[in-house]
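Asker: can you look at this prediction? I've put the sequence above it.
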Amino acid sequence: MRGLLADLFSSLGGLTLAGYARTEAEAKLWLAEHPGEWDVAIVDLVLDQGSGMEVLRRCRAEPGGGKVVVFSSYATPGVRRHCMELGAAAVFDKSETAAFIGWFCALRDQGCPNS
């Protein structure tokens with residue numbers, strides 16, 4: 001998925017993949033080592049270890065952090081609501097690829113402002 005996202009951002013222009021993590025611990029470490037250095041975090045709820053929900057919480061607690069979008073195969077109505085309550089800017093099921101891409105195009109056109 002990381003490679004597909006990098007290709008997508010490259011084709012859209014104006015977007016760059018800054019980092020990635022497969023586990024909750026890796027994501028939290030990356031955030032700790034790059035404070036305020038990201039505009040958008042894409043969070044999958046299912047990780048190799050840990051919870052995407054905890055990564056979402058950590059992203060939202062980041063002073064100067066950017067927007068958080070959830071992109072997961074488990075975006076049920078209840079999960080969407082919970083993610084939005086935790087501060088996600090948007091939540092997409094992986095079957096909603098066109099809407100996900102459209103969200104990024106709109107964000108790019110706005111200059112990727114922080115939340």
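Answerer: Arrived safely, thanks for sending.

Asker: how much space is there between residue 105 and residue 39?
Answerer: Distance of residue 105 to residue 39, computed by CB to CB, to the nearest Å: 14 Å. Using the backbone N, CA and C atoms, a C-beta is placed for each residue, glycine as well.

Asker: so which of these two has more stuff around it?
Answerer: residue 39 (18 against 14; other CB atoms under 10 Å).

Asker: for stretch 78-94, buried residues please.
Answerer: 79-80, 82-83, 86, 88-93 (16 or more other CB atoms under 10 Å).

Asker: from residue 60, how far off is residue 38?
Answerer: In terms of CB to CB, residue 38 sits 13 Å off from residue 60.

Asker: just the helices from the chain, written as ranges.
Answerer: All helices of the chain, identified by DSSP state H, fall at 2-12, 24-33, 52-60, 77-85, 97-109.

Asker: low-scoring stretches of the chain, by residue?
Answerer: 1, 111-115 (pLDDT under 70).
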